[in-house]
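A.B. asks: I'd like to go over a predicted model; first the sequence, then the structure.
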Protein chains: 2
Amino acid sequence: MAVGKGIATDLRPVGGVSLAVGSAGIKTAGKTDLALIELAAGSQAAAVFTRNKFCAAPVHIARDHLGTAVASPRMLLINTGNANAGTGQQGHADALACCQTLAKAAGVPVEAVLPFSTGVIGEYLPMARIELALPDLAAQRGQADWYQVANAILTTDTRPKGHSVVVHLGDQEITVTGISKGSGMICPNMATMLAFVCTDAKLDAKDLQTLLQDTNDQSFNRITVDGDTSTNDACVLAATGASGVHLQPGTKDWSRFRAAVQEVMLELALQVVRDGEGATKVVALSVHHAATSQEALDVAYTIAHSPLFKTALSASDANWGRILAAIGRAPIEDLILDKVSIHLEDVPLVAGGERHPKYREEQGAAIFAQERFTIHIDLDRGDATETVWTTDLSHEYVSINADYRT
Amino acid sequence: MAVGKGIATDLRPVGGVSLAVGSAGIKTAGKTDLALIELAAGSQAAAVFTRNKFCAAPVHIARDHLGTAVASPRMLLINTGNANAGTGQQGHADALACCQTLAKAAGVPVEAVLPFSTGVIGEYLPMARIELALPDLAAQRGQADWYQVANAILTTDTRPKGHSVVVHLGDQEITVTGISKGSGMICPNMATMLAFVCTDAKLDAKDLQTLLQDTNDQSFNRITVDGDTSTNDACVLAATGASGVHLQPGTKDWSRFRAAVQEVMLELALQVVRDGEGATKVVALSVHHAATSQEALDVAYTIAHSPLFKTALSASDANWGRILAAIGRAPIEDLILDKVSIHLEDVPLVAGGERHPKYREEQGAAIFAQERFTIHIDLDRGDATETVWTTDLSHEYVSINADYRT
């Protein structure tokens, strides 16, 4: 099950980016399970990775290769079907061998290849088949489109995820296109949220890194399906410069470009939430008037991770007692519950530590029955606001995660 | 569903404690929903309450009455069916009125009455019926036994919970008897874990408070069903002194007595876990060689609250990737996953960041199929050890918490 529609926008090609997909029999034979995103020489790329200390071999190698001064990233190599996580020394050697084989076939230094894996944890990559498939993949560069790549990187996702925005700056045009995958923070034995966003703008390396971190913070770092993080999570932002438009912070053009990147990142993140395992609805938790951003996030995530809130959401039950109880156990020592007010969209639900006198159950039931809505929590403590997006906890979530072996 | 058997031990009377049960029609008409635990004059009582800032009116009043120098506690008044939480000023006035009516009927100061409520959140107590029933309840003192009281305080629990230990000290005898209730940290719209433990030993007030906090830390503070805390949680330890045996810390008798209290507290806590909503099994998570106690608890609770771990548990799937991933996101900055080892009972499961070479899936499946077992996690960082008990996340949990209105 998933919430709402699939990909809504056309995925626009990005100048300086060549794509390829291939098949190495990692998943079912004949299914595409390899993807390649090639960046033209002179491109810049930045990446953020899972904060989980149990991180997979390709995460270590991608981080190392990004950090080296030997070569700038040219090849983003993604395999699905196997996360190469929990595979020890052998997994590390395998991930490196993938990079070496592709580098040789494509004629780039090994450090120019960043590997990404998603799929089953704890099994070794089928290296013989992958080594055979990689030269073919390199030869296919330019033969695939974003939609094929978006499909090639899926695991338990029910649909491909992508979004494009074109920014017009005078008579010039910048494209931002991204794809993502992921439907639980970790799927049944499967790992990972991956996202790749490319633009043909030209950016300085430090600006690109800051832009990625800031927009990631307001998108992928604001969604939660089950609170579990993955071994392989990664998000890459690459700028090829093929448009010839050099953008720098502080300008009006930068603001418009930044907004486009933020839109793509948030849309990709929300597509992951909407495809959350067993999700029947997506709710935005907006915490207002917190003393600090962290405090707002603490409250939002405590609600978002409460199994009691999530099951009530699944049941379309506007159970305000569970929301208040979750707020009450958020890690804020001096919170005064009587000052907290809660609105469902624009309907007042709670004030002064109890149900709002004008609130009627039918109002809450009508809003909770929607596929998407916002719960506003006002703490009356300061000026910080944060929003977090989450899903419900349904029977299907338990089925996907408990019954997958039966 | 619930794990294992119900009450295993006889619940022994405690000298200086008189019990009563009654019915005020708060739950279904005719069902017992009031209970009274009377402590003889000169008794000491200590209590710990929920840390949730959304706490119910009776919690505020019980805490106030305990803190006053006007009177020591004589009457523990418990109602079930209604938590009197999220009820604002009216709820506070109602809880106080209950205390006043009982105090008058029993001839004690109002401050000698501690009120406890459990049940639905957000509805006012049916005061007219309760006020009528309280004088009857007072008149019934001494007419009930612990088993009846254990039954009278239940909400969604599937069975009563209690445990007794008798300690022989030379030719003297001390009894420790306790009862508890609770089956989710918050049930569907229902609140609360409650526990009442009484002994006929004579204790100094400060020793009693320390004993309660210490044993509570190693019992009720080490269990988790769903990570949600309640509006009404309370645990009371009372010492009547009726045995004439005055116990003080530092003696051999104290150690034996302390062990008995700890046994009763832990057994009551485990009975709550075993009766967890939808629980089909109970697992102990023992974290060894942590740098600090807090670190051990952080790791244990991160696993215990992981929906992916809990669904794997429900499916009897020894999914080591999910355990490692949960450890990897515990809040320990410098944790090295390659040093972590995991045993299922005495079977090695993980070492060096991957599956132990000798581990076979049949071993894990056999252990995970049991109703109770222990997972040992060794962090190789220090000398601290902590154990936390939790349950699985089953379809029935979702049913109980999502479908209760349908």
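C.D. replies: All right, it came through fine.

A.B. asks: ok, residue A:329 touching residue B:51?
C.D. replies: Yes. If you go by C-beta atoms under 8 Å, residue A:329 and residue B:51 touch, sitting 7.2 Å apart. Glycine gets a C-beta too; all of them are placed from N, C-alpha and C.

A.B. asks: which of those two has more neighbours?
C.D. replies: Between residue A:329 and residue B:51, counted using other C-beta atoms under 10 Å in any protein chain shown, residue A:329 has the larger neighbour count: 21 against 12.

A.B. asks: distance check, the more buried one against residue B:303.
C.D. replies: 19 Å (C-beta to C-beta, to the nearest Å).

A.B. asks: dihedrals phi and psi, the residue of the stretch 251-400 of chain A found nearest chain B?
C.D. replies: Chain B sits closest to residue A:328 of the stretch 251-400 of chain A, with a gap of 3.1 Å, by C-beta to the nearest C-beta. Backbone torsions of residue A:328, given as degrees, to the nearest 10, read phi -70, psi -20.

A.B. asks: what about it, how many residues nearby?
C.D. replies: Residue A:328: 23 surrounding residues under other C-beta under 10 Å.

A.B. asks: for it, what are its contacts?
C.D. replies: A:335, A:337, B:52, B:53, B:54, B:55, B:229, B:231 (C-beta atoms under 8 Å, 6 or more residues apart in numbering or on different chains).

A.B. asks: so what's residue A:59 closest to, chain neighbours aside?
C.D. replies: residue A:49 (5.2 Å; C-beta to C-beta, 6 or more residues apart in numbering or on different chains).

A.B. asks: OK, contacts around that neighbour?
C.D. replies: Per C-beta under 8 Å, 6+ apart, neighbours of residue A:49: A:55, A:59, A:62, A:63, A:233, A:234.

A.B. asks: these in strands, which ones?
C.D. replies: Judged by DSSP state E, the subset of the contacts of residue A:49 located in strands is residue A:234.

A.B. asks: put together a markdown table for the contacts of residue A:49, with neighbour count and pLDDT on each row.
C.D. replies: Formatted as a markdown table, the contacts of residue A:49 follow (neighbours: other C-beta atoms under 10 Å in any protein chain shown; pLDDT from 0 to 100):
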| residue | neighbour count | pLDDT |
| --- | --- | --- |
| A:55 | 24 | 87 |
| A:59 | 27 | 94 |
| A:62 | 26 | 96 |
| A:63 | 16 | 95 |
| A:233 | 25 | 87 |
| A:234 | 27 | 92 |
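
A.B. asks: just the closest of the contacts of residue A:49 to chain B, please.
C.D. replies: residue A:55 (7.3 Å).

A.B. asks: pull the contacting residues for the closest one.
C.D. replies: A:49, A:85, A:231, A:232, B:328.

A.B. asks: what's the helix or strand for residue A:389?
C.D. replies: strand A:384-391 (DSSP states H and E).

A.B. asks: where does the prediction get shaky in the stretch 101-250 of chain A?
C.D. replies: The stretch 101-250 of chain A contains residues with pLDDT under 70 at A:183-191, A:225-229.

A.B. asks: quick one: pLDDT of the residue of the stretch 1-150 of chain A found nearest chain B?
C.D. replies: Relative to chain B, the nearest point of the stretch 1-150 of chain A is residue A:54 (3.1 Å; C-beta to the nearest C-beta). For residue A:54, the pLDDT comes out at 86.

A.B. asks: any figure for the gap between the residue of the stretch 251-400 of chain A closest to chain B and residue A:340?
C.D. replies: For residue A:328 relative to residue A:340 (C-beta to C-beta), the value is 9 Å.

A.B. asks: and residue A:91, by the same measure?
C.D. replies: 47 Å.

A.B. asks: longest helix in chain A, please.
C.D. replies: Criterion DSSP state H: the longest helix present in chain A is helix A:252-274.

A.B. asks: for it, packing partners?
C.D. replies: On a contact count with 3 or more C-beta pairs under 8 Å, 6 or more residues apart in numbering or on different chains; DSSP states H and E, helix A:252-274 meets strand A:161-169, strand A:172-181, strand A:194-199, helix A:205-217, strand A:223-224, strand A:282-290, strand A:384-391.

A.B. asks: can you rerun that using 7 Å?
C.D. replies: Packing partners of helix A:252-274 (3 or more C-beta pairs under 7 Å, 6 or more residues apart in numbering or on different chains; DSSP states H and E): strand A:161-169, strand A:172-181, strand A:194-199, helix A:205-217, strand A:223-224, strand A:384-391.

A.B. asks: nearest to residue B:107, out of these?
C.D. replies: Across the helices and strands packed on helix A:252-274, residue B:107 has its closest neighbour in strand A:384-391 (53.7 Å, C-beta to C-beta).

A.B. asks: helix or strand for the nearest residue to residue A:143 once chain neighbours are set aside, which one?
C.D. replies: What sits nearest to residue A:143 in space, not counting adjacent residues and going by C-beta to C-beta, 6+ apart, is residue A:20, at 5.9 Å. Element membership of residue A:20 [criterion: DSSP H and E] is strand A:17-22.

A.B. asks: can you tell me what sits against that strand?
C.D. replies: A:32, A:34-39, A:133, A:136-137, A:140-146, A:148-149, A:152, A:198, A:240 (C-beta atoms under 7 Å, 6 or more residues apart in numbering or on different chains).

A.B. asks: and if you look at stretch A:203-216?
C.D. replies: Under the criterion C-beta under 7 Å, 6+ apart, residues A:44, A:46, A:48, A:235, A:237, A:239, A:247-249, A:258, A:261-262, A:265 lie in contact with stretch A:203-216.

A.B. asks: buried residues in it?
C.D. replies: A:203, A:207, A:208, A:209, A:211, A:212, A:215, A:216 (16 or more other C-beta atoms under 10 Å in any protein chain shown).
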